[in-house]
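Undergrad: all I have is the shape, not the residue letters:
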C-alpha cells in the first residue's frame, strides 16, 4: 500500500492496518517514569528485530576465533603446540578466553541475550497472531473507491444474491470470508505470518540444539591398527573430551575390530594421488557380549551409528612392522608401530621405543628409533630427500636413525608416543657418521656397537576414528530446515484482503463494488480481483445500457452528471436514510474531495462507474512503499 493516503483516516484505522502484521510495536524512547519505565524501554529494545539481528551478527563474529584458533575442547595437544610457538600472544589469548571461545563469558552472554530476545519476540507475536486468526476479517471500508485496487459495475441482479455469490466464490478460493449485511469481507495469506513465526521458532530451536549439544555431548579419538580392536572405554581412548552432562560414565557400551582398510587413489592426471575411496572394514558388537559380531564398513561422511554414538572415519596411514633383537638374540620388540602422515603422499614420521631392551655393559639400557616411512620411496634421496612420491604403498621404505640411553618412560611423567625425548639419549654412530638405515620389507639392519639387529617385516594399515555423542544435532538440523521453509513462506506468501459490496442505487439498479488491499505491492491482488470480477458475472452480469437521465444532454459530456455518477458509485447509502439526491451526492463528493488532498492515486477521479465491469486499478506511484 502506498504511503500516500487515498482515503480519509476514518475509513481505515491504524489498528486495522496493523492487523496486516503481528510484529510487536517498537518504541524509540523510554516509556513510563523511573526505573520501571527504563526497564520497559530496555525490554522493548532487547526484543526488537533490530537488536535480534545485531546479536545474531555479533554471534557470527564471535564464532570466528573459534574456527581460527585451536580450541581446548577439540584438541588440547594442538593448543599446547600453538602456545609453545606463540609465547608472547598466549597470555593475551588466555585472558580473552580465545582457547575456549564457545564456553567463554562473552560468547555465552551474546548467546543468552539472543535467546531472551527471541523468546521475548516470539511469545507476544504468537499470541497476537492467534487473536488475528480468531477474529473476523475487517469490515469493508465506507469508501471502497479509495482502495489501491478497485472495480465496479451495475447489474440488474439482487444485491443479497450478489453478496452471497461473492461470499461463495471467495470461500472457494480459500479466503477467510465473512458476509455482513451489504458487504463481504475476505482475507488470505496467513501463511506469511506463519512463515515468520516458523522462522523465529526454528532459529530458537537451532540455538537450543547447539546449546544442548555443547552441554550434553562428548567425543573421543582412537587410532586402530589393522587386526586390532577397540572397546569404548576411557582406558582404550587416545583422548576424550566430555561436558557437563556427558562424562566417562555415560559412554555407550560397544566395541569393534578393524579387519582391514581399503584405500584407492587417482593414479594419473592433474589430481594424481587424490583419494577416491576410503573404507574401514570392521566387525562390531554392542553391550558386553563381544562374541556376537556384525560386519560393517565405515567410510568418510558415512559413520557407524551405535546407540547414541557415531563412529567417524577421520584418518588413515601406515604402521611399519619391525622385529628388534638384543645382542643375545632375544626378541625385545616386535609388532607394528603407527607413523603419522605429514603430506598428501603419506610421507609419515614416527618413533619406535624399546623399553625392555635389557642391560648393556652392565647398565639398564633403552633404545629409540626415529625416522620416516615412505609408501612409495624415490630411487635417490639426493634431489628429493626422504619423501614419498605416491600415497599408495607401491615401493615402501623405512628410514631410521638409532638412539640408546634413557627414554624417560620410567619417570612416571606422560609422554607423547609419536615423539622421542632425546635429552638422556645418545645417537648411535657408524663409521664416524650418524647411524642410518634404509630398509625395504624383509631387510635387516645390524645395529652399531653390538646393540643387536632390527628387521623390517612389512607394514600394516591403520585408521583413526572419532567416537562422537552429540544429542542436539537432530534438533539443530530440524531447526535449520524449518527456518529455511519459514523464510520461504514469509518471502513468497502475500497477505491480502478483498471486499465486495452490492447495494441498490437511487435508479433502482445494483451497484457492485470490488476492492483489494495487499500488504506489499504486487500484481497478484489485481489479478485475483480481476478473476473474481469475471467469475461474478455469472451471478451479477453487467447492465447493457445506462438508463436515460433527466436532461437531454449527453452524460459523458456533462461534468455535473459525470460527478454525480462517480459519487453514486463511490459512496455507500446510509441504511436509515432515504436515497441521496443528485445534489446531495455532489455535496458529499465535494466534501470528500476537500477532506482528502488530490493525488495521482485517487481513484474517484480516474475510475468512473460504467455499465461493464471496470478493470482493477493500481496505485499510480510505482516507487511507493508499504
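TA: Looks like it arrived, so ask away. Given the structure is predicted, the values throughout are model-derived calculations rather than measurements.

Undergrad: OK, contacts around residue 74?
TA: Counting by CB atoms under 8 Å, 6 or more residues apart in numbering, residue 74 touches residue 241. Any C-beta I mention is one placed from the backbone N, CA and C, and that applies to glycine too.

Undergrad: residue nearest the centroid of this protein?
TA: Per CA atoms, centre = their mean, the C-alpha nearest to the average position across the chain is that of residue 480, at 4.2 Å.

Undergrad: ok, that residue - contacts?
TA: 202, 206.

Undergrad: distance of it relative to residue 492?
TA: 19 Å (CB to CB, to the nearest Å).

Undergrad: equivalent analysis for residue 116, please.
TA: 30 Å.

Undergrad: do the same with residue 54
TA: 26 Å.

Undergrad: before we move on, what's the pLDDT of residue 194?
TA: On pLDDT, residue 194 comes in at 87.

Undergrad: residue 208 now?
TA: Model confidence at residue 208 (pLDDT) stands at 85.

Undergrad: who's in contact with it?
TA: Residue 208 is in contact with 115, 472, 475, 479, counting by CB under 8 Å, 6+ apart.

Undergrad: name the strands paired with the helix or strand encompassing residue 465 and say parallel or antiparallel.
TA: Applying DSSP states H and E as the criterion places residue 465 in strand 452-469. Neighbouring strands of strand 452-469 in its sheet, by DSSP bridges, are strand 218-225 (antiparallel), strand 309-325 (antiparallel), strand 444-447 (antiparallel).

Undergrad: mind listing what's buried in the last one?
TA: Translated: strand 444-447. Neighbour-count burial for strand 444-447 flags 445, 447 (criterion: 16 or more other CB atoms under 10 Å).

Undergrad: who touches that strand?
TA: Contacts for strand 444-447 (CB under 8 Å, 6+ apart): 400, 402, 428, 435, 437, 439, 453, 454, 455, 456.

Undergrad: repeat that with 10 Å
TA: Strand 444-447 is contacted from outside by 322-327, 367, 369, 398, 400, 402, 404, 428, 430, 435-439, 452-457, using CB atoms under 10 Å, 6 or more residues apart in numbering.

Undergrad: filter those residues to the buried ones?
TA: Buried, going by 16+ other CB under 10 Å: 322, 324-326, 367, 369, 398, 400, 402, 404, 428, 435, 437-439, 452, 454-457, out of the contacts of strand 444-447.

Undergrad: re earlier: and of the contacts of residue 208, the nearest to residue 178?
TA: For these, the minimum distance to residue 178 (CB to CB) is 36.4 Å, reached by residue 479.

Undergrad: check which helix or strand that closest one maps to.
TA: Here residue 479 is assigned to helix 473-492, by DSSP H and E.

Undergrad: now do that helix against strand 309-325, angle only.
TA: 130 degrees (axes from the mean of the first three to the mean of the last three CA atoms, to 10 degrees).

Undergrad: show me which residues of helix 473-492 are buried.
TA: Those would be 473, 475, 476, 479, 482, 483, 486, 487, 489, 490, for helix 473-492 by 16+ other CB under 10 Å.

Undergrad: and stretch 124-134, by the same measure?
TA: For stretch 124-134, burial by neighbour count (16+ other CB under 10 Å) applies to 125, 128, 129, 132.

Undergrad: for those, give me a markdown table that also has secondary structure, distance to residue 156 and pLDDT.
TA: Shown next, in a markdown table, are the buried residues of stretch 124-134 (DSSP: H, G, I helix; E, B strand; the rest coil; distance: CB to CB, whole Å; pLDDT from 0 to 100):
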| residue | secondary structure | distance to residue 156 | pLDDT |
| --- | --- | --- | --- |
| 125 | helix | 48 | 83 |
| 128 | helix | 44 | 83 |
| 129 | helix | 43 | 84 |
| 132 | helix | 38 | 79 |
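
Undergrad: returning to that earlier point: let's have the strands paired with strand 452-469 in a markdown table, adding mean pLDDT and distance to residue 355.
TA: Output for the strands paired with strand 452-469, formatted as a markdown table (pLDDT from 0 to 100; distance: least, CB to CB, whole Å):
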| stretch | mean pLDDT | distance to residue 355 |
| --- | --- | --- |
| strand 218-225 | 91 | 19 |
| strand 309-325 | 94 | 11 |
| strand 444-447 | 94 | 16 |
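
Undergrad: now those strands as JSON lines including distance to residue 502?
TA: As requested, these are exported to JSON lines (distance: least, CB to CB, whole Å):
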{"stretch": "strand 218-225", "distance to residue 502": "70"}
{"stretch": "strand 309-325", "distance to residue 502": "66"}
{"stretch": "strand 444-447", "distance to residue 502": "105"}
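
Undergrad: those strands: which one's closest to residue 271?
TA: strand 309-325 (17.8 Å).

Undergrad: what is the helix or strand just after that closest one packed up against?
TA: On the C-terminal side of strand 309-325, the nearest following helix or strand under DSSP H and E is strand 331-336. On a contact count with 3 or more CB pairs under 10 Å, 6 or more residues apart in numbering; DSSP states H and E, strand 331-336 meets strand 309-325, strand 348-360, strand 363-374, strand 452-469.

Undergrad: want to throw the ones you listed into TSV with distance to residue 424?
TA: Conversion of the helices and strands packed on strand 331-336 to TSV gives the following (distance: least, CB to CB, whole Å):
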stretch	distance to residue 424
strand 309-325	20
strand 348-360	13
strand 363-374	9
strand 452-469	20
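
Undergrad: closest to residue 105 out of those?
TA: Taking the helices and strands packed on strand 331-336 one by one with CB to CB, strand 452-469 is closest: 26.0 Å.

Undergrad: picking up where we left off before, ok and the strand holding residue 465 relative to strand 331-336, angle-wise?
TA: Using the same axes, to 10 degrees: strand 452-469 against strand 331-336 is 40 degrees.

Undergrad: okay but residue 453 is in contact with residue 327, surely?
TA: Yes: counting by CB atoms under 10 Å, residue 327 is a contact partner of residue 453 at 9.2 Å.

Undergrad: on that earlier part again, from the buried residues of helix 473-492, pick the one nearest residue 535.
TA: Among the buried residues of helix 473-492, and counting by CB to CB, the member closest to residue 535 is residue 489, at 27.1 Å.

Undergrad: for the stretch 1-150 of the chain, what spans make up the helices?
TA: 14-18, 34-46, 49-62, 64-68, 76-85, 90-95, 105-134 (DSSP state H, counting those that start in this stretch).

Undergrad: by mean pLDDT, show me the worst of the ones you listed.
TA: helix 14-18 - the lowest mean pLDDT of the helices of the stretch 1-150 of the chain, at a mean of 47.

Undergrad: quick check: phi and psi at residue 291.
TA: Note on residue 291: backbone dihedrals following degrees, to the nearest 10 are phi -90, psi -20.

Undergrad: what do you get for the one 4 residues further on?
TA: Taking degrees, to the nearest 10, you get phi -80, psi 140 for the backbone angles of residue 295.
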